[in-house]
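> I'd like to go over a predicted model; first the sequence, then the structure.
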Amino acid sequence: MDLGLIELDLAAETSRDVIAVLGEKMLENGYVKNSYIDAVIEREKNLPTGLDLGNFSVAIPHTNAEHVISSHIAIAVLRRPVVFYSMINQTEKLQVDLVLLLAINDPEGQVCLLKKLMGIFQNKVLLQKIKAAKEKQEIVELLGTVAL
Amino acid sequence: MAQVNVLSVCGSGTVTSSMVASKVKEFLEEHGYSVATTEARPTEALNLAQSGRFDFITFTSPLQSGDYGMPTVNAFACLTGVGEDEFFAEIEKIARELKR
């Protein structure tokens, strides 16, 4: 897990801002194509990715594999909650303070990565720890604890 | 072994539909079924449903309205883990009641 893809205490006003900041990191590293950021923003408008986990919400913006060069996940812990809409109820606004930007190149071949991801956002205790992390290294270690 | 064909639908037809498909597959295989899964976007779902190749649909993005001719199950609980038990109970019930 690349430390450059973790943002702590990110100040952003909108979901678009968060996607743009994290997307830039992916682009700088050559993980995604130039079309990626716009594609994620566009997709989020039509098919939002907010997940209401009960007592808090996360978002998992992403787009089709054709915009991705190599699979990575970027994480942002937000300074203030930002509105994302719910994946399953698109008019429902969620206050999100943890965003995982996904770049998935080969979903069929990456079932393990996807399962790990599910393991992350299904684990509320883990998510709380990620939100409370003071150092990027803490997050790397926490993610390492998630079973494949 | 009974064969079950699942159509898993999500916005991009890639990420969350694959997640759900793999969990549903695992679950049904544990219950003695042989499972084939396909992922699709909501825009493709109706056509695929009408192809007759699938037994039921799971979705994490809303399906377009139409006659899918088979059970459609909201898989959000499977994705987030919240209310997952009810989701899997329903999947089990659908699989059991499939006419062959």
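Arrived safely, thanks for sending.
> send the alpha carbons of stretch B:49-57 over as CSV?
Only the C-alpha atoms of stretch B:49-57 are listed here, as CSV (Å, rounded to 0.1, in the frame of the first residue of the first chain):
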residue,chain,number,x,y,z
ALA,B,49,-32.6,-10.9,-17.9
GLN,B,50,-34.8,-11.5,-20.9
SER,B,51,-32.1,-13.8,-22.5
GLY,B,52,-33.3,-16.6,-20.2
ARG,B,53,-29.7,-17.3,-19.0
PHE,B,54,-30.2,-16.3,-15.4
ASP,B,55,-32.2,-17.4,-12.4
PHE,B,56,-32.1,-14.2,-10.3
ILE,B,57,-30.6,-10.8,-10.1
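> helix/strand/coil for the closest residue to residue A:18 other than its chain neighbours?
Distances taken as CB to CB, 6 or more residues apart in numbering or on different chains place residue A:12 nearest to residue A:18, at 4.6 Å, with adjacent residues excluded. Every residue, glycine included, has its C-beta placed from N, CA and C. The three-state label given to residue A:12 by DSSP: H, G, I helix; E, B strand; the rest coil is coil.
> what residues are up against residue A:12?
Residues near residue A:12 by CB atoms under 8 Å, 6 or more residues apart in numbering or on different chains: A:18, A:21, A:76, A:78-80, A:82.
> What ranges does chain B have for its strands?
Per DSSP state E, chain B carries strands over the ranges B:3-9, B:34-40, B:56-59, B:72-74.
> Filter the contacts of residue A:12 down to the buried ones.
Those of these that meet the buried threshold are A:18, A:21, A:76, A:78, A:82, by 16 or more other CB atoms under 10 Å in any protein chain shown.
> The first one belongs to a strand, doesn't it?
It refers to residue A:18. No. Residue state for residue A:18 (three-state DSSP) corresponds to helix; a strand is not indicated.
> ok now stretch B:74-83, how far from the chain's centre?
Here the centre of stretch B:74-83 is set off from its chain's centre by 12 Å, with CA atoms, centre = their mean, to the nearest Å.
> end-to-end on that stretch?
11 Å (CA to CA, to the nearest Å).
> which residues sit against the helix or strand bottoming out on mean pLDDT in chain B?
Using mean pLDDT, DSSP states H and E, the weakest-scoring helix or strand in chain B turns out to be helix B:76-80, at a mean of 90. If you take CB under 8 Å, 6+ apart as the criterion, helix B:76-80 is touched by A:51-53, A:87-88, A:118, A:121-122, B:16, B:19-20, B:23-24, B:58, B:60, B:83-84, B:86-88.
> for stretch A:67-76, same thing?
A:1-2, A:5-7, A:10, A:12, A:18, A:21-23, A:25-26, A:29-33, A:35-36, A:39-40, A:98-106, A:110, A:113, A:117, A:130, A:139.
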